[in-house]
Each structure stands twice: as C-alpha cells, then as structure tokens.
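**Student:** I would like to see how this sequence folds:
(one chain, ligands or ions: 1)
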Amino acid sequence: MTQDELKQAVATAALDYIRPYLEDNTVLGIGTGSTANLFIDNLAELRGQVNATVASSDASAERLRQHGIPVYELSTVNQVDFYIDGADEANDSLQLIKGGGAALTREKIVAAVARTFICIADESKLVHTLGEFPLPVEVIPMARSYVARELVKLGGDPVYREGVVTDNGNVILDVHNFSIPQPLAMEAKINNIAGVVSNGLFALRPADVLLLGTAEGVKTLRLA
Ligand code: 5RP
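**Tutor:** Take a look at the predicted model:
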C-alpha cells in the first residue's frame, strides 16, 4: 500500500471510531495536514450529523466550511469530545512530534481541551525515539535569534522555516539533529525559553489513541 492509501485507511478508521458516539451536542476538534484533510473529506459523509467542530488552523476551518460542516471558535464551545489529527512522529507511549504544517500551537490548544485525542498516522511515523523529524518550535518574531541560540545550547540545530508565518503571526524554527529520549522534560524546557510560543512535542498531553495505518491493516494503540 502507498503512504496515501495508509493515510486514507486511518482517516476512514477514525470516522468509524467516532461514529457511534455522535450526538446532537458532540463537538469535534479537527487537526491540520494531509491526513487530517482526508478525515475532513470523509466527515462530509456525516454532514447533518456533525453539528459543531473546532479547527486547529484556518486552512482546516476553510475546508470544513467548504463541505458545509459548521465550525466554531474554540472559546465559544463548552467541551471538545474528540480531537482527530495527524502527526509527524509518534512513539509507543503515544507521545508525538507535530507542527510540520506549522499549526502546532492551535493543535496543542485543541488537544488540551479534548476529552479524547485520536492521532491518525501511517506506520512510517512510528519511531523508537522522537527527533528524527526536525522539531518545530513556534517563536515570537523578535525572539528568533535568541531562541535559536538557546536551542543550540540544548543540543539541536535550529533552522528558520523561510517564508512561513503561522496563523498566530509567528515564525517557526525547525530543530534538526535533535534526538529526544526524554520528551516530557524537553517539552517543558523548550517552553520555558522566553519568546517560545509552543513546541511540537506532545508529551505532556500525548494522544489517547493512535490509529496506525500498516500494510496488515489499521492497528489501534491506546495509552496504558
Ligand atoms: C500540522 C501537523 C500535522 O499533523 C503533521 O505535520 C502531519 O501531517 P501529514 O498528515 O500531512 O503527514 O502537525 O501542523
């Protein structure tokens, strides 16, 4: 199976996962990226049964609206029942690296609010130690050089993502050559650098469920 077929398989599996729980007042959090886009396109099937979504990016909000699916501001809803989103890397503790699409801060906020975070990914994303994928860090523009120097002190090689401005008006540094054996500690450490808005480690709030697309079918991994 191709990577795109595996992404489609997990997008379909996510729809099947949430379908039995859909009620009039269910609120779905919707992520960002190519896998999340496939989920959004699948969700169009349930148009009319999905009364409220919140999106982790302007792009996803726009795609949902194009399908006629209602999108609300996060601040106006009381709860988010499920958050469905992709990842750039996942380990077997369901800790993630996210932010390849520069939406990490809003993704982190929606994931924090969500009761259940369902991560959808193809098997190429499963790693033993996080950090082969460069870790995205969202930074207030004036702090860019300072934060980059601090990230070098932590052992990484930060690279400015040219031409990218986040939905929040900030810039992204991608930290290369940065193996992360202790994601919880590293997430907190990077968050403590002045000028960092958030970083792409999802360890303090990992996924609850990982739907992993493999050649043998979709595997469901849950937090123990
Ligand atoms: C966007 C993200 C995405 O979830 C991540 O980049 C995975 O993307 P894709 O589904 O296209 O592989 O974190 O900020």
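**Student:** What residues does this protein have near the ligand?
**Tutor:** 31-35, 85-88, 98-104, 107 (CB under 6 Å from any ligand atom). All C-beta atoms are positioned from the backbone trio N, CA, C, and that covers glycine.
**Student:** Make a ChimeraX selection of the buried ones in those residues.
**Tutor:** To isolate the buried members of the residues of the chain next to the ligand in ChimeraX, using 16 or more other CB atoms under 10 Å:
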select :31,32,33,35,85,86,87,88,98,99,100,101,102,103,104,107
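**Student:** so of the residues of the chain next to the ligand, which ones are in helices?
**Tutor:** Among the residues of the chain next to the ligand, the ones falling in helices (DSSP state H) are 34-35, 104, 107.
**Student:** could you redo those as CSV and give each row pLDDT?
**Tutor:** Below are these laid out as CSV (pLDDT from 0 to 100):
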residue, pLDDT
34, 98
35, 98
104, 98
107, 98
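**Student:** show me what contacts residue 34?
**Tutor:** 7, 86 (CB atoms under 8 Å, 6 or more residues apart in numbering).
**Student:** Walking through the chain, point out its helices one by one.
**Tutor:** Going by DSSP H, the chain shows helices at 3-18, 34-43, 58-66, 104-113, 144-153, 183-191.
**Student:** Now the second one - C-alpha only, PDB.
**Tutor:** I take that to be helix 34-43. Taking only C-alpha atoms (Å, rounded to 0.1, in the frame of the first residue of the first chain), the coordinates of helix 34-43 have been written out as PDB:
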ATOM      1  CA  SER A  34      -2.800  15.800   4.600                       C
ATOM      2  CA  THR A  35      -4.100  13.000   6.900                       C
ATOM      3  CA  ALA A  36      -6.500  15.400   8.700                       C
ATOM      4  CA  ASN A  37      -7.600  16.700   5.300                       C
ATOM      5  CA  LEU A  38      -8.600  13.100   4.300                       C
ATOM      6  CA  PHE A  39     -10.500  12.800   7.600                       C
ATOM      7  CA  ILE A  40     -12.300  16.100   6.800                       C
ATOM      8  CA  ASP A  41     -13.300  14.900   3.400                       C
ATOM      9  CA  ASN A  42     -14.600  11.600   5.000                       C
ATOM     10  CA  LEU A  43     -16.500  13.700   7.500                       C
END
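**Student:** Quick check: buried residues in that helix?
**Tutor:** 35-40, 42-43.
**Student:** Also compute the angle for that helix relative to helix 3-18, please.
**Tutor:** 50 degrees (axes from the mean of the first three to the mean of the last three CA atoms, to 10 degrees).
**Student:** what separates helix 34-43 from the chain centre, distance-wise?
**Tutor:** 13 Å (CA atoms, centre = their mean, to the nearest Å).
**Student:** and the angle for that helix with helix 104-113?
**Tutor:** Using the same axes, to 10 degrees: helix 34-43 against helix 104-113 is 60 degrees.
**Student:** do the third one as well
**Tutor:** In this structure, helix 58-66 runs at an angle of 60 degrees to helix 104-113, with the same axes, to 10 degrees as the basis.
**Student:** now do the fifth one
**Tutor:** With the same axes, to 10 degrees applied, the angle from helix 144-153 to helix 104-113 works out at 70 degrees.
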